[in-house]
Each structure stands twice: as C-alpha cells, then as structure tokens.
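Peer 1: The following comprises the amino acid sequence and a computationally predicted model.
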Amino acid sequence: MNTALEGIKVVELSHVISGSYCGMLLGDMGASVIKIERPGSGEFYRDEALKNEEGVSLVYPSYNRNKRGITLNIKDPKAKEILHKLIKDCDVFIENYRPGLLKKMGLGYDDLKKVNPKLIMVSISGFGQNGPYAMKPAYDMTIAAVSGFMSVNGPEGIPMKSGPAISDFLSGIYGAVGAMAALRNCERTGEGQYVDISMMECSMSILDAFFAQERLSEIKPLSMGNRRANYAPVNSFQVKDGHVYIAASLQKHWDALTRLMDRKDLYEDPRYDTASNRKKYEEELEEIVQTWAIQYDSKRLIALLDENGIPCSPVQTLSQVMNDPHVAARNSIIEFEYPGVGNYPVVAFTPKFSTMVVPVKRAPLLGEHNKEVYVNRLGYTETEYQEMQKKHTI
C-alpha cells in the first residue's frame, strides 16, 4: 500500500479537536499514529462529549481515525520513562496542552530533543508559546472574537462566531502542514524542529485581504450576513421548499438574471448598470429577486439558474448533504463501523491522490492497543505490563 507518509511514526498527546485533528490528518496520509489518553476516562471528547444511549461518544470517532490508542497517566512517576521510549522511536510528537505544562514535567522540547535529536514537536495552543496572551484559556469562540473573525462574520452589526470550531480545525491543519515541512527539512539537514501553532493566528490567516483593506482603503471590512461587500444581488432567497443562494456578482450574471426574470426594465435602468450602483440599491433589488424566486421550488429554480450560467446553490441541510449525488460520486463522506454506535459517517480525507492510498480505519477504543504498543513495540515484559495496569500507570 503506497501512502504519502509511510514509515513516519507519530505520538499524539492531545485532547479535544486541534491536536486530535492534526494527528488524524497525518494518519490519513499513512503515518503510524499512537494516541495517548488518560486511563479510565480517556480524553475530553471521549469522556464528556455528546453520547448515545450506550454511553459512547458521538464526537470522538470524528477526529481520531487511523490511529492506535493507548492509555497513560502522564503524572505517574513511570510515565516519563515510557514517553521517552515512545519519543526515541518516533518522528513527530503532537501536543495541545497549556503552554509550559509539559516543560514543567521535564517533557518540553529541550528535554525531548536530548532523547531524539531529530524530533519534530508540534505544540498547538490558543495564542502560541509566547506573548501577553500565551497563558490565557482559549476556546474557538473566544479565538473567533479576539482574532477579528467575529467582526466580519454574521448579520450586519451583530458579531457572530461560526457554526463549526474553525480555529480548532485550522490549527490542526496548520499543525499537519508544519509537521510535513519540518519532516522535509529533517530529510535534508538531519535537524529536528519545534513547531509553534497559534489558534489565533490560524483564524487570522483566513481573513482574506481584510487587514490590508482596513489600513489602506476607506471601505472597512464589516459583517454583512449572506451578502458580499461589492456585489449585488448576492444573497440567500426563500423558495417554496427552502432557500437558494444566488450570486449574480459579475455583470454577465446580472444580465443573465434580468433576462431570466424577463425584466428588461432592470437591465436598462441606469441605477443598476454597474456593480457599485447595484450595491447602492441592494435592498430594493433583493426584494425584486425574492418576489420572483418564491414562485419556484429549489430544484426548478436551480435548474433555471444553471441553464443561464448564474452561480447558485441550494441551501442544504446536513442530511441533504449526506444524500447529495455529488458527495456520493466523489466518496466525500465515508463510513466505518464503530462499536456501540454502528455505521459512523465522517468526511473523507479531502485531497484526492492519483496513486497514493488513504487508509480508513476507525478510531480506537480506549486503550485498545495497550498491549501491542507496550509489549510488542516498547519491549515491556508481560509481568511489567500487568504491573503497570495494576498501578493504573496505563
């Protein structure tokens, strides 16, 4: 099986989304990933997330496929010895604890690179490892606020976070990208690397050219709901069975829309002859388009808009997305059997490779691979393994 990161060994000491997602992406690309969790309860999203009637987390399997799972009490006196053995035999170490916590335990990068000089350590935190905010608690919601994201998201004048935890996923993605860049550098130089990932900076990275626009123009980026800053009509419009998003942003789209609506008067009206002019009369135009759109159901309206080359999409529910024929054609959502849950749907690894394989293995049960890792990989005897179990070290 040809995978992108075949032969790369990863140890992941993380919880919730960012570190788990980073490890999962590396696992998706073929790295051998060992995830470490607390004995007994596991990490936060296994222990405290939404669960089904059987008490199984409905969240944990989403971020932890293609990994082997072990348990370890990192506060136990023997934990440092065990971690050193794992680190000595790995390429990448991922963690997303509070800055400085592992360093206090003698498990910081300066300590671990003595064990493995080529180690790549990826640390993901809310604000990075230094700076005035470094020690502040961070959640996606607060990161959305402080990064500027909320100021340009949501209805006009109402700052709003996103539905999914964008900064968590972005920091996982950037963590994986950073790890791969460091692996390539290590290939060339033999040098290990410390990769410092800030959720705040990850969130800032997707704010378009807004920072330049803020400084260099008189048009300040603001939240505007489903509209666009410089184009109209661009919005979500109600139809008989839901909503359809219409983006008549370019002149050719506007021309086609007026023909489709049989509104030659709009096409000839000088108030609407340019994008900037149409933006001035945005509410008026949206009322006209809405009155026209409500006559149709979504399927018929989408067909008409597509035939006329006008960018559009139905506003789909998650259930509709899972049953979308395009999603099915590209295998965008895959399923695996997860004990206690049944068929568990997840979004597939996004890049599609021409020859490389992307493995698909379900997330591990708590401590599922303890014996395999502790006895077979690290070389502890059966007696030592059982003793560590008795002492709740693992």
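Peer 2: The structure has been received and is ready for your questions.
Peer 1: quick one, strands of the protein?
Peer 2: With strands called from DSSP state E, the chain shows them at 9-13, 32-37, 68-71, 92-95, 120-125, 193-198, 234-239, 242-247, 312-314, 333-338, 342-347.
Peer 1: tell me what the last one is packed against?
Peer 2: To tie it back to what came earlier, the one meant is strand 342-347. strand 333-338 (3 or more Cβ pairs under 8 Å, 6 or more residues apart in numbering; DSSP states H and E). Placement of C-beta: from N, CA and C, glycine included.
Peer 1: Quick one: the helices in the stretch 51-200 of the chain, in order.
Peer 2: Ranges of helices within the stretch 51-200 of the chain are 79-88, 101-104, 109-115, 140-146, 166-189, 199-204, based on DSSP state H, counting those that start in this stretch.
Peer 1: Could you pull out the buried residues of the third one?
Peer 2: Of the residues in helix 109-115, Y109, D111, L112, K113 count as buried by neighbour count, 16 or more other Cβ atoms under 10 Å.
Peer 1: any idea which of the helices of the stretch 51-200 of the chain is most buried?
Peer 2: With neighbours taken as mean count of other Cβ atoms under 10 Å, the helices of the stretch 51-200 of the chain reach their highest mean count in helix 199-204, at a mean of 23.
Peer 1: The residue lying closest to L72 once chain neighbours are set aside bridge partners, please.
Peer 2: Nearest residue to L72, sequence neighbours excluded (Cβ to Cβ, 6 or more residues apart in numbering): I36, at 5.0 Å. Note on I36: beta-bridge partners I70, judged by DSSP bridges.
Peer 1: Return the distance of I36 relative to E53.
Peer 2: Using Cβ to Cβ, to the nearest Å, I36 is found at 29 Å from E53.
Peer 1: who's more crowded, the two?
Peer 2: Legend: neighbour count by other Cβ atoms under 10 Å for I36 and E53, higher for I36 (23 against 6).
Peer 1: need the strands of the chain in JSON lines with distance to M356, can you?
Peer 2: Compiled in JSON lines, these are given as follows (distance: least, Cβ to Cβ, whole Å):
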{"stretch": "strand 9-13", "distance to M356": "18"}
{"stretch": "strand 32-37", "distance to M356": "16"}
{"stretch": "strand 68-71", "distance to M356": "21"}
{"stretch": "strand 92-95", "distance to M356": "19"}
{"stretch": "strand 120-125", "distance to M356": "21"}
{"stretch": "strand 193-198", "distance to M356": "23"}
{"stretch": "strand 234-239", "distance to M356": "38"}
{"stretch": "strand 242-247", "distance to M356": "35"}
{"stretch": "strand 312-314", "distance to M356": "31"}
{"stretch": "strand 333-338", "distance to M356": "16"}
{"stretch": "strand 342-347", "distance to M356": "19"}
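Peer 1: CSV for the ones you listed, including distance to S167 and mean pLDDT?
Peer 2: Shown next, in CSV, are these (distance: least, Cβ to Cβ, whole Å; pLDDT from 0 to 100):
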stretch, distance to S167, mean pLDDT
strand 9-13, 19, 98
strand 32-37, 21, 98
strand 68-71, 25, 98
strand 92-95, 17, 98
strand 120-125, 10, 98
strand 193-198, 9, 98
strand 234-239, 25, 98
strand 242-247, 25, 98
strand 312-314, 25, 98
strand 333-338, 24, 96
strand 342-347, 18, 96
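Peer 1: What is the nearest of the buried residues of helix 109-115 to A145?
Peer 2: Set against A145, the nearest of the buried residues of helix 109-115 by Cβ to Cβ is Y109 (29.8 Å).
Peer 1: Report the contact partners of the closest one.
Peer 2: Neighbour list for Y109: K103, L119, M121, S123, Y194 [criterion: Cβ atoms under 8 Å, 6 or more residues apart in numbering].
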